[in-house]
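# Fold the following for me, if possible:
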Amino acid sequence: MKHILERHHPEYSDGSIKAKQTFLEKDMSIDEVANAIESIMKQNRDILLKNGTTFSYQIRGTYNGVEYVVGFNKGRVGQFYPE
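Here you go, the predicted structure:
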């Protein structure tokens, strides 16, 4: 969660910006970030059951009308950002 907030949330940003940088909504709470990730994982339940989370890949889904990407790396959520 720390990486996601520091790289993609304007309130918690560490100031580093890449050439292609995406930001979450400024008023999105930490709980809402967690809820959005959970919602997108539920939307992709079949893919997660088939693939597991032990290797790197991304899933996509919608939360509150916004398209997001959730990325997995070594069994952990390592990415979450709007498309």
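# drop to CA atoms for contacts and neighbour counts, all remaining ones
OK.
# pretty sure Gln79 belongs to a strand, no?
Yes - according to DSSP: H, G, I helix; E, B strand; the rest coil, Gln79 belongs to a strand.
# List the buried residues for the longest helix along the chain?
The longest helix of the chain (DSSP state H) is helix 30-43. Within helix 30-43, the residues scored as buried using 16 or more other CA atoms under 10 Å are Val33, Ala36, Ile37, Ile40, Met41, Gln43.
# pLDDT of the helix or strand just after it, averaged?
Remark: after helix 30-43, the chain's next helix or strand is helix 45-51, criterion DSSP states H and E. When pLDDT is averaged over helix 45-51, the result is 94.
# cool, and stretch 64-74?
For stretch 64-74, the per-residue pLDDT averages 94.
# from the chain's centre, how far out does it sit?
Its chain's average C-alpha position is 4 Å from that of stretch 64-74, according to CA atoms, centre = their mean, to the nearest Å.
# about what we covered before: return the distance of the longest helix of the chain from the chain's centre.
Chain-centre distance of helix 30-43: 8 Å, with CA atoms, centre = their mean.
# ok, residues contacting that helix?
Applying CA atoms under 8 Å, 6 or more residues apart in numbering, the contact partners of helix 30-43 are Leu48, Ile59, Arg60, Gly61, Thr62, Tyr63, Tyr68, Val70, Phe80.
# Kindly indicate which of those lies nearest Ile4.
Nearest to Ile4 among these, counting by CA to CA, is Phe80 at 6.1 Å.
# Neighbours of that closest one, how many?
Phe80 has 27 neighbours, counted by other CA atoms under 10 Å.
# Could you do Tyr81 as well?
By the criterion of other CA under 10 Å, Tyr81 has 21 neighbours.
# That one against Val66, yeah?
No - using CA atoms under 8 Å, Tyr81 makes no contact with Val66, being 10.1 Å away.
# Now list whatever residues contact both of the two.
Common neighbours of Tyr81 and Val66 (CA under 8 Å, 6+ apart) do not exist.
# re earlier: pick out the most distant pair among the contacts of helix 30-43.
It's Leu48 and Tyr63 that sit farthest apart of the contacts of helix 30-43, by CA to CA, at 17.7 Å.
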